[in-house]
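[1] The following block contains a protein sequence and its predicted model.
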Amino acid sequence: MLGGTFDPVHLGHLRSAVELHEALGLDRVHMVPAASPPLRDTPRVTPEERLTLLRLGIGDTPGLVADSRELDREGPSYSADTLAELREEYGREARLVMALGHDAFLRLADWHAPERLFALAHVVVIERPDHQARLPASLTALIGNREVASTAALMAAPAGGLLRLSLPSRMAISATEVRHRLATGASVRYLLPEAVEAHLLTRGLYRH
């Protein structure tokens, strides 16, 4: 599972999903747009539009799935609830992984029911090469002795581990910058998949 606002989805999101799929040997990566993110500002466009953009961005990429389940639920988009649904679908022995970026990881102890996340899945942190910040005490306590050093060690159990993973491309694309460029009429070429760019420009999304 790779969740996010995807506001809008860009090549950094998609390349990370492809590299996660390869690095961890996953059957599939569920990319899950948050309908109502609890710890983020309200996204600029509707959940339905963000899902449409995600589907356009993924296209026919093997192993990537645009998952609409958080749009189908009412209330805040809690990752623990999403993982519980996936666990029910895939069964007790399936290896489930929740991937997130380093910035989101630093706030993990503030998430809804953070202990439940580890009961349901492994957590994989996509490392930033320039990020060496000390972890908050609450996060250190949450992690405990869960961290492992390899994918093989992580996949030895269905859930409960933590792995920090450096991906090859590390594309420094920011959705904030993409939105700013769209609002000012600047080029977003090669920051977004062509189908996403075409849809955004045709619909006039993020222009105001």
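    On my side now, so go ahead. Numbering: from 1, shown residues only.
[2] Which stretches in the chain count as helices?
    11-24, 47-58, 69-72, 79-90, 102-105, 114-120, 137-143, 151-154, 175-184, 194-203 (DSSP state H).
[3] low-confidence ranges in the chain?
    For the chain, residues meeting the criterion pLDDT under 70 lie at 39-40, 129-132.
[4] Packed most tightly, which of the helices of the chain would that be?
    helix 47-58 (a mean of 21; mean count of other Cβ atoms under 10 Å). Any C-beta I mention is one placed from the backbone N, CA and C, and that applies to glycine too.
[5] so how far is it off the chain centroid?
    14 Å (Cα atoms, centre = their mean, to the nearest Å).
[6] Report the inter-axis angle for that helix versus helix 11-24.
    Angle of helix 47-58 versus helix 11-24, following axes from the mean of the first three to the mean of the last three Cα atoms, to 10 degrees, is 60 degrees.
[7] Next, the angle from helix 47-58 to helix 194-203.
    Using the same axes, to 10 degrees: helix 47-58 against helix 194-203 is 140 degrees.
[8] Show me what helix 47-58 is packed against.
    Using 3 or more Cβ pairs under 8 Å, 6 or more residues apart in numbering; DSSP states H and E, the elements in contact with helix 47-58 are helix 11-24, strand 29-33, strand 64-66, helix 69-72, helix 194-203.
[9] Could you point out which of the ones you listed sits nearest Pro136?
    Smallest distance to Pro136 across the helices and strands packed on helix 47-58 (Cβ to Cβ): 23.8 Å, for helix 11-24.
[10] what does that closest one contact?
    By Cβ atoms under 8 Å, 6 or more residues apart in numbering, the residues outside helix 11-24 that reach it are 2, 4, 6, 26, 28-29, 31, 57-58, 61, 63-64, 97, 99, 124, 126, 151, 154-155, 165, 167-169, 171-174, 190-193.
[11] Grab the nearest non-local neighbour of Gly101.
    Ile126 (5.1 Å; Cβ to Cβ, 6 or more residues apart in numbering).
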